[in-house]
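Undergrad: Mind looking at a prediction? Sequence and model below.
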Amino acid sequence: MPVLSGAAVVFLQESELTRHDIHLAMIFLAIIALALVVQAIGVLISGAFAAKLLHRVDGIADMVEQRTGPMLDKTNQLLHELAPKVQSFTENAEQISYTVRTKVDELGATVSELNDTVREINGRTRVQVMRVDGIVSDALGATEEISQTVQNGIKVPVRQIAGIIAGLKAGIETLIERSPFKGRR
């Protein structure tokens with residue numbers, strides 16, 4: 001109500017200034033009304049363009065639906081057909097993975113056993129090589145001893161025989177030189 005009472009005061013006062021103010025207020029009200037009408041026309045035009053755009057987008061959506069609908073149906077059907085195959089493939093891959101893992105574990109155990117066996121054989125071979133080396137060294141030492149003994153056994157009597165023969169020869173030569181028959185020859 002305070003607005004109406006203020007407007008009543010303005011309209012009820014009649015003076016030269018008040019008439020001029022009322023005239024200016026009416027001009028401003030006319031400008032505001034004109035601006036509202038222009039705005040309303042702009043909203044209506046925008047609405048018309050929006051409706052046209054919505055109609056166009058609806059047409060495009062229908063066209064996309066018509067073109068992609070069969071493709072989506074085929075894709076859906078393909079997915080239904082492939083789902084059991086994919087599941088079977090997944091189960092087979094899982095089983096293969098489990099089998100391979102088991103075989104790898106078995107192979108690891110076999111390789112470990114083989115490695116232990118090779119180490120054991122290597123250790124035994126080293127012991128046998130050391131034994132054979134000792135036997136060969138002993139045989140070579142014994143052969144050398146026997147060779148020395150044989151050489152000494154042969155050399156000493158041969159020297160003694162050679163000494164005896166040399167002594168006999170010298171004795172015979174001496175006898176021949178001193179013999180009375182030396183001149184008859």
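TA: Cool, the structure landed.

Undergrad: which residues in this protein form helices?
TA: With DSSP state H as the criterion, the chain has helices at 2-12, 16-178.

Undergrad: Going by mean pLDDT, which of the ones you listed comes out lowest?
TA: Ranked by mean pLDDT, the helices of the chain end with helix 2-12 at the bottom, a mean of 54.

Undergrad: circling back: dump the helices of the chain into a markdown table; add mean neighbour count as well.
TA: Glycine gets a C-beta too; all of them are placed from N, C-alpha and C. Listed next are the helices of the chain as a markdown table, based on neighbours: other CB atoms under 10 Å:
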| stretch | mean neighbour count |
| --- | --- |
| helix 2-12 | 9 |
| helix 16-178 | 10 |
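
Undergrad: For S179, what are phi and psi?
TA: Dihedral pair for S179: phi -70, psi 150, per degrees, to the nearest 10.

Undergrad: now it: how far from S147?
TA: Using CB to CB, to the nearest Å, S179 is found at 46 Å from S147.

Undergrad: what does E94 give?
TA: Distance, E94 to S147, using CB to CB: 77 Å.

Undergrad: Check R159 too.
TA: With CB to CB as the criterion, R159 and S147 are 18 Å apart.

Undergrad: now H80
TA: Per CB to CB, H80 is found 97 Å from S147.

Undergrad: what's the answer for V38, then?
TA: With distances taken as CB to CB, V38 is found 138 Å from S147.

Undergrad: can you check A40 too?
TA: To S147, A40 is 138 Å away according to CB to CB.

Undergrad: what do you get for A162?
TA: Distance, A162 to S147, by CB to CB: 21 Å.

Undergrad: Give me the distance from stretch 62-77 to the chain's centre.
TA: From the chain centre to the centre of stretch 62-77 is a distance of 42 Å (CA atoms, centre = their mean, to the nearest Å).

Undergrad: Show me what it is in contact with.
TA: For stretch 62-77, contacts defined as CB atoms under 8 Å, 6 or more residues apart in numbering pick out no residues.

Undergrad: Just the CA trace of it, in PDB.
TA: Taking C-alpha atoms only, stretch 62-77 is exported to PDB below (Å, rounded to 0.1, in the frame of the first residue of the first chain):
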ATOM      1  CA  ASP A  62      15.700 -40.600 -35.800                       C
ATOM      2  CA  MET A  63      18.100 -41.000 -38.700                       C
ATOM      3  CA  VAL A  64      20.900 -42.100 -36.400                       C
ATOM      4  CA  GLU A  65      18.600 -44.500 -34.700                       C
ATOM      5  CA  GLN A  66      17.500 -46.000 -38.100                       C
ATOM      6  CA  ARG A  67      21.100 -46.400 -39.200                       C
ATOM      7  CA  THR A  68      22.600 -47.700 -35.900                       C
ATOM      8  CA  GLY A  69      19.600 -49.700 -34.800                       C
ATOM      9  CA  PRO A  70      20.300 -52.700 -37.000                       C
ATOM     10  CA  MET A  71      24.000 -52.500 -36.200                       C
ATOM     11  CA  LEU A  72      23.300 -52.400 -32.400                       C
ATOM     12  CA  ASP A  73      21.000 -55.400 -32.800                       C
ATOM     13  CA  LYS A  74      23.700 -57.300 -34.700                       C
ATOM     14  CA  THR A  75      26.200 -56.300 -32.100                       C
ATOM     15  CA  ASN A  76      23.900 -57.500 -29.300                       C
ATOM     16  CA  GLN A  77      23.300 -60.800 -31.100                       C
END
